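Undergrad: Dropping a prediction and its sequence here:
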Protein chains: 2
Amino acid sequence: MENREPVDLPHAAQDVTEHVGYRLKRAHAALRGALDQVLREHGLTVPQYSCLELLALRPGLSNAELARGAFVTRQSMNVVLRGLQDDGLIARPATADHGRARPAHLTPEGQRRLDAARSAVYAVETRMIAAVPSARLPALLADLERMAEALGG
Amino acid sequence: MENREPVDLPHAAQDVTEHVGYRLKRAHAALRGALDQVLREHGLTVPQYSCLELLALRPGLSNAELARGAFVTRQSMNVVLRGLQDDGLIARPATADHGRARPAHLTPEGQRRLDAARSAVYAVETRMIAAVPSARLPALLADLERMAEALGG
DNA sequence: TGAGGTATGTCAAAATGCTGACATGGAGAA
DNA sequence: TTCTCCATGTCAGCATTTTGACATACCTCA
């Protein structure tokens, strides 16, 4: 009952392991595992690191904005933020001056921890990048972006 | 304190959102969300579907083998298997004839559910693939594979 | 025969994430 | 102004997943 149209499945996958989805899942799992491992030495989890990195890029982000940036729910990010705040890595005003959103900022200690962890994370990224021909990297980045967009990510 | 070596970071990322890791995470999150949505209509979760697909490809896989194939722990896959078994979608012998591993198989009902869900999943995959130039697809698959391997996935 | 190593299945506990729900604050239309 | 709509922060409950641990079964080697 399959309509074999070369337009739909031009890659002619033999089985599931050759599907883009499976490969994507596999690569993501490998990355997640590698990051978990190196970040543990810095006392950070992947969501925590993501949060710090986002705040370094754009200080003052709210909980909801951070959640969208890290691809988790507001509730999950809220837990992460509480943890980071308890550890003194980020700071949020006790009261919001405009809406309900309270802008978060890295503390000096948070910046130090991020800097330390960053080198470890970048080493993983470098290891990953080294596996693909450097000429293809820009296309790879573009394709990942397009796929995410096509699925409403 | 950064050593700028073009060999290490040849893509000259401006910020985190241009890193391969971030894009990978984003694409994976988008895929996961899309799959969650379409699979819910078939009464399946993503891990459950993954498990069924693996069993269709290679019947008789054990719990531990399925766990490795789906990139989760044995414990997690065990929960998934129990659920599928309770729903009558898979069957496992009550006792192992060789080691401790009990080979799992799809039931006719499991095969039907898989067939039904597959079309929905493939539609998502097609939507994702359509976003990337078809000439680049083989390279994309290869690069994802290489990256996963490089990180010990 | 027995010891050591490896792989598996399973239990218990904790961490993590999500869904549902509700109250608050702000912007815009009636 | 008042009403409506939307985004945000937060609480509670539930589901999922992981970590840690242990017992069992097989294999290999002495």
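TA: Perfect, thanks for sending it. Residues are numbered from 1 along each chain as shown, chains lettered A, B, ... in the order given.

Undergrad: quick one: A:Ala91 from B:Arg146, how far?
TA: Separation of A:Ala91 from B:Arg146 (Cβ to Cβ, to the nearest Å) stands at 41 Å. Placement of C-beta: from N, CA and C, glycine included.

Undergrad: ditto for A:Ala67
TA: The spacing between A:Ala67 and B:Arg146, counted by Cβ to Cβ, is 32 Å.

Undergrad: When the two are compared, which one has more neighbours?
TA: More neighbours surround A:Ala67 than the other of A:Ala67 and B:Arg146, with 21 against 16 (other Cβ atoms under 10 Å in any protein chain shown).

Undergrad: pretty sure that one is touching A:Ser76, no?
TA: Yes. Using Cβ atoms under 8 Å, A:Ala67 makes contact with A:Ser76 at a distance of 6.9 Å.

Undergrad: where do the contact lists of the two overlap?
TA: Counting by Cβ atoms under 8 Å, 6 or more residues apart in numbering or on different chains, A:Ala67 and A:Ser76 have no common neighbour.

Undergrad: Just give me how far the one helix or strand A:Ala30 maps to sits from the chain centre.
TA: Taking DSSP states H and E as the criterion, the element that holds A:Ala30 is helix A:20-40. Centroid separation for helix A:20-40 versus its chain: 11 Å, with Cα atoms, centre = their mean, to the nearest Å.

Undergrad: Could you list every helix and strand in contact with that helix?
TA: With contacts taken as 3 or more Cβ pairs under 8 Å, 6 or more residues apart in numbering or on different chains; DSSP states H and E, helix A:20-40 sits against helix A:46-57, helix A:108-129, helix B:20-40, helix B:108-129, helix B:137-150.

Undergrad: which parts of the last one are buried?
TA: When burial is assessed from 16 or more other Cβ atoms under 10 Å in any protein chain shown, helix B:137-150 yields the following buried residues: B:Ala139, B:Leu140, B:Leu141, B:Asp143, B:Leu144, B:Glu145, B:Arg146, B:Met147, B:Ala148, B:Ala150.

Undergrad: Buried deepest among the helices and strands packed on helix A:20-40, which one?
TA: Stretch with highest mean neighbour count among those: helix A:46-57 (a mean of 21; mean count of other Cβ atoms under 10 Å in any protein chain shown).

Undergrad: Quick one: residues in contact with that helix.
TA: Judged by Cβ under 8 Å, 6+ apart, the contacts made with helix A:46-57 from elsewhere in the structure are A:32, A:35-36, A:39, A:44, A:61, A:66, A:69-70, A:72, A:76-77, A:80-81, A:83-84, A:89-90, A:104-106, A:110-111, A:113-114, A:117-118, A:121, B:15-17.

Undergrad: And the next helix or strand past it?
TA: Scanning forward in sequence from helix A:46-57 by DSSP H and E, the next helix or strand is helix A:63-70.

Undergrad: Does DNA strand C have contacts with that next one?
TA: No. Shown here: helix A:63-70 not in contact with DNA strand C (Cβ under 7 Å from any atom of the strand), separated by at least 7.7 Å.

Undergrad: So what angle separates the directions of that helix and helix A:46-57?
TA: Relative orientation of helix A:63-70 and helix A:46-57, computed by axes from the mean of the first three to the mean of the last three Cα atoms, to 10 degrees: 110 degrees.

Undergrad: pLDDT on helix A:63-70, on average?
TA: The predicted model assigns helix A:63-70 a mean pLDDT of 97.

Undergrad: Give me the helices and strands touching it, please.
TA: In this structure, helix A:63-70 packs against helix A:46-57, helix A:74-86, with contacts taken as 3+ Cβ pairs under 8 Å, 6+ apart.

Undergrad: any residue of the last one up close to chain B?
TA: No. Interface with chain B: helix A:74-86 contributes nothing (Cβ under 8 Å from any Cβ of the partner chain), its closest point being 12.4 Å away.

Undergrad: Can you identify the element that follows that helix toward the C-terminus?
TA: For helix A:74-86, the succeeding helix or strand toward the C-terminus, using DSSP H and E, is strand A:90-91.

Undergrad: Give the ranges of residues in chain A that sit below the confidence cut-off.
TA: A:1-12 (pLDDT under 70).

Undergrad: How about A:Leu114, nearest residue that isn't a chain neighbour?
TA: Using Cβ to Cβ, 6 or more residues apart in numbering or on different chains and skipping the chain neighbours, the partner closest in space to A:Leu114 is A:Leu52 (4.4 Å).

Undergrad: can you give me phi and psi for A:Leu106?
TA: phi -70, psi 140 (degrees, to the nearest 10).

Undergrad: Isn't it up against A:Ile90?
TA: Yes. Under the criterion of Cβ under 8 Å, A:Leu106 is in contact with A:Ile90, at a separation of 5.9 Å.
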